[in-house]
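Undergrad: Sequence and predicted structure below; questions after.
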Amino acid sequence: MLKKGQILHANNGKDYTLLKKLGAGGQAVVWKVRCHNDGKLYAYKHYKQNRMNVRANIEDLIRIGHFVDSAGNVLDNVILPITIVEGEGESFGYVMELVDLQDFITIAGAFNGTYPDAKILCRIIRNFAHVFETLHLTYGMCYKDVNEGNIFFHPLTGEIRIIDNDNIGYSSKFTIKGTSRYIAPEVWLGEKPNHNSDRFSFAVYVFRLLTGGWPFDGPYSEAYCQAHNMLAKDAAPVIYGSDACFIWHPTDHSNSIESSNDARLRGQVTLWKRLPQEFKDLFLDTFVTNLSRERAAERPTDADWKAACDHLEASLVTCRHCHALTFEAPVCLECGKRLRPKQNAPAPLPTPIPTPAPVPAQHHHSVTLKVLSAGEAKKEISLAVSERRKGREISINLTDTDLLHILYSKKQKKLGIRNCSDSPWIIIAKDKQKSICAPGDVQTLEEGMMIRIIPKTAQLNVLRIQ
């Protein structure tokens, strides 16, 4: 039993004194502590026992220290463990930074206080998507357990703070399924959390932020629980798993809340109808088109959400009724009144297309790649020097933008591949050494190399070089 004033001896050689209990759950308790060595305040989370590999997760995160995005920026908005403290028996804990959250709120706080405007909503979503993108693409990790109590944002700036992150880890190390209504259907049906289930959980969080509701809590879900005399948590594998039905499904209206007389649900209906179509389409792609485990890899990516927020923020308009900055949509997000449609500029005259100059003959060097793409059969492709490919030509899970360019170095007498995408690739050499090929960089090719464009979703294996 931990007590106020107790001194903890951490594995980093520093001592910490317990000052005040900050909170407690079923398996852990969090304390405010002071470090004897630097005098600073920290948070300490103490586990009663090591369940579901949580300690292995924490040790991985301690080794990482801080997440760094593909541009070299430290993600100091994601709070990671600093050091482990050994306890009695199976108990243990870890020290992390104590974050000042005075001006930050959760989703619940937003609906009960200062709700962000349209510009700030875009920034909150984009900032959260950037964290997920870094976890997925740069580190090959997944978040696993989206929990609204751990995700805070500033309602006036869109900055975010994500605390208590011992849930982050590699999908190969099973630790936790997640928080009930954030868990993807395939996880309810027995699969491990991965970056595809993260995409589902991310969409649930954004849906909550924008509408205040849950995407699968409607009359069908409620009727199922009543008919089987079950609580929602017990019926979850059905109503959130095998038979989940989006409350805004375009053809199956069994779970629709649109005609509800419940004041709370009426508020959610109002907010949904005020959303721009771009957000609605991303929700439909996640919760309808790509809901099943067979199509999980085709859910909107973190980059898709970032692109949507960039476009929506760039096209914000001022409502002529309430003068709020709002989305370019049929109605104002703030007051719900109809917006005046934007006047489109006249289309420019077509520019004559010049006749291309003859392309000189290239070297006869080529590379044969095996393409591994989730949801598709394996295939082989051969690319010669100077050839380019778009993402969609390689995998259905990639966008229809420039992906790669095959090059030849006369000096090194070796083939290379340029990353023409906006995201870093994970390169695994024949000797299993890992490296990153950033956007714009060229990676020298060697037989046996693996190029992970999106981990477990799109990958190229180098078979032969000629």
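TA: Received, thanks.

Undergrad: Spell out the secondary structure type for the residue sitting nearest the centre point of the chain.
TA: In the chain, the residue lying closest to the centroid (C-alpha atoms, centre = their mean) is Phe132, at 3.4 Å. Secondary structure, DSSP: H, G, I helix; E, B strand; the rest coil: Phe132 is helix.

Undergrad: and the gap between the spatially closest residue to it that is not a sequence neighbour and Gly13?
TA: Once flanking residues are discounted, Phe132 sits nearest to Asp302: 4.5 Å by C-beta to C-beta, 6 or more residues apart in numbering. Any C-beta I mention is one placed from the backbone N, CA and C, and that applies to glycine too. According to C-beta to C-beta, to the nearest Å, Asp302 stands 38 Å off from Gly13.

Undergrad: Name the residue in those two with the higher neighbour count.
TA: Asp302 (23 against 8; other C-beta atoms under 10 Å).

Undergrad: how about Gly93, secondary structure?
TA: Under three-state DSSP, Gly93 comes out as strand.

Undergrad: Run me through the strand neighbours of the lowest-mean-pLDDT helix or strand in the chain, direction for each.
TA: One helix or strand of the chain scores below all others by mean pLDDT, DSSP states H and E: strand 434-437, with a mean of 86. Using DSSP bridges, strand 434-437 pairs in its sheet with strand 425-428 (antiparallel).

Undergrad: ok, which stretches of the stretch 51-200 of the chain are strands?
TA: 81-86, 92-97, 151-153, 160-162 (DSSP state E, counting those that start in this stretch).

Undergrad: For Ser260, which of those is the nearest?
TA: strand 151-153 (27.8 Å; C-beta to C-beta).

Undergrad: dump the residue contacts of Tyr224.
TA: By C-beta atoms under 8 Å, 6 or more residues apart in numbering, the contact set of Tyr224 is 230, 235, 238-239, 243.

Undergrad: Name the member of those with the most neighbours.
TA: Most crowded among those, counting by other C-beta under 10 Å, is Ile239 at 25 neighbours.

Undergrad: quick one: it from Val187, how far?
TA: 14 Å.

Undergrad: rewinding a little: for Glu86, state which of the contacts of Tyr224 is nearest.
TA: So of those, ranked by how close each gets to Glu86 (C-beta to C-beta), first place is Ala235, at 40.5 Å.

Undergrad: I'd assumed Asn229 was in contact with the closest one.
TA: No: contact criterion C-beta atoms under 8 Å: Ala235 and Asn229 do not qualify, at 9.9 Å.

Undergrad: hang on, the residue nearest to Phe132 packs against Phe202?
TA: Yes: because the distance of 7.2 Å satisfies C-beta under 8 Å, Asp302 is recorded as touching Phe202.

Undergrad: which residues are common contacts for these two?
TA: Taking C-beta under 8 Å, 6+ apart as the criterion, Asp302 and Phe202 both touch 129, 132.

Undergrad: how far away is Ala438 from Gly391?
TA: 17 Å.

Undergrad: ok, the two, which is more surrounded?
TA: Gly391 (21 against 14).

Undergrad: Excluding chain neighbours, what is closest to the more buried one?
TA: Leu398 (2.9 Å).

Undergrad: tell me, how many neighbours does that neighbour end up with?
TA: When counting by other C-beta under 10 Å, one arrives at 21 neighbours for Leu398.

Undergrad: what do you get for His253?
TA: Neighbour number of His253 under other C-beta under 10 Å is 16.

Undergrad: Same check on Leu2?
TA: 14.

Undergrad: contacting residues around it?
TA: 18, 29, 31, 46.

Undergrad: Quickly list what the third one is bridged to.
TA: Legend: beta-bridge partners of Trp31 under DSSP bridges are Lys21, Tyr44.

Undergrad: doesn't Gly23 make contact with it?
TA: No: counting by C-beta under 8 Å, Gly23 is not a contact partner of Trp31; they are 9.1 Å apart.

Undergrad: residue ranges with poor pLDDT in the chain?
TA: 342-364 (pLDDT under 70).

Undergrad: tell me the SS of Gly26?
TA: Using three-state DSSP, the structure places Gly26 in coil.

Undergrad: Tell me how many other residues crowd Tyr240.
TA: Neighbourhood size, Tyr240 [other C-beta under 10 Å]: 25.

Undergrad: coming back round to it: which among the strands of the stretch 51-200 of the chain is found nearest to Pro330?
TA: strand 151-153 (26.8 Å).

Undergrad: ok, which stretches of the chain are helices?
TA: 54-64, 107-111, 118-133, 185-188, 195-211, 219-227, 232-236, 263-274, 277-284, 302-314, 391-394 (DSSP state H).

Undergrad: what is the orientation angle of the fifth one with helix 277-284?
TA: Relative orientation of helix 195-211 versus helix 277-284 (axes from the mean of the first three to the mean of the last three C-alpha atoms, to 10 degrees): 130 degrees.

Undergrad: What is helix 195-211 packed up against?
TA: Contacts defined by 3 or more C-beta pairs under 8 Å, 6 or more residues apart in numbering; DSSP states H and E place helix 195-211 against helix 107-111, helix 118-133, helix 185-188, helix 263-274, helix 277-284, helix 302-314.

Undergrad: How many neighbouring residues does the closest residue to Leu231 other than its chain neighbours have?
TA: In this structure, Leu231 finds its nearest non-sequential neighbour in Cys225, 6.7 Å apart by C-beta to C-beta, 6+ apart. Neighbours of Cys225 under the rule other C-beta under 10 Å: 18.

Undergrad: hang on, isn't Cys225 packed against Ala232?
TA: Yes: between Cys225 and Ala232 there is a contact at 5.7 Å, judged by C-beta under 8 Å.

Undergrad: intersection of neighbour lists for those two?
TA: With C-beta under 8 Å, 6+ apart, Cys225 and Ala232 have common neighbours Ile239.

Undergrad: winner for burial among the helices of the chain?
TA: helix 195-211 (a mean of 24; mean count of other C-beta atoms under 10 Å).

Undergrad: Could I have the CA atoms of it written out in PDB?
TA: Extracted as PDB, the C-alpha positions of helix 195-211 are listed here (Å, rounded to 0.1, in the frame of the first residue of the first chain):
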ATOM      1  CA  HIS A 195      -3.100   0.600 -37.200                       C
ATOM      2  CA  ASN A 196      -6.300  -0.300 -39.000                       C
ATOM      3  CA  SER A 197      -8.200  -0.500 -35.700                       C
ATOM      4  CA  ASP A 198      -6.600   2.700 -34.700                       C
ATOM      5  CA  ARG A 199      -8.100   4.400 -37.800                       C
ATOM      6  CA  PHE A 200     -11.500   3.200 -36.600                       C
ATOM      7  CA  SER A 201     -10.900   4.500 -33.100                       C
ATOM      8  CA  PHE A 202      -9.700   7.800 -34.400                       C
ATOM      9  CA  ALA A 203     -12.900   8.300 -36.400                       C
ATOM     10  CA  VAL A 204     -14.900   7.500 -33.300                       C
ATOM     11  CA  TYR A 205     -13.100  10.200 -31.400                       C
ATOM     12  CA  VAL A 206     -13.600  12.800 -34.200                       C
ATOM     13  CA  PHE A 207     -17.300  11.800 -34.400                       C
ATOM     14  CA  ARG A 208     -17.600  12.400 -30.700                       C
ATOM     15  CA  LEU A 209     -15.900  15.700 -31.000                       C
ATOM     16  CA  LEU A 210     -18.100  16.900 -33.800                       C
ATOM     17  CA  THR A 211     -21.500  15.500 -32.800                       C
END
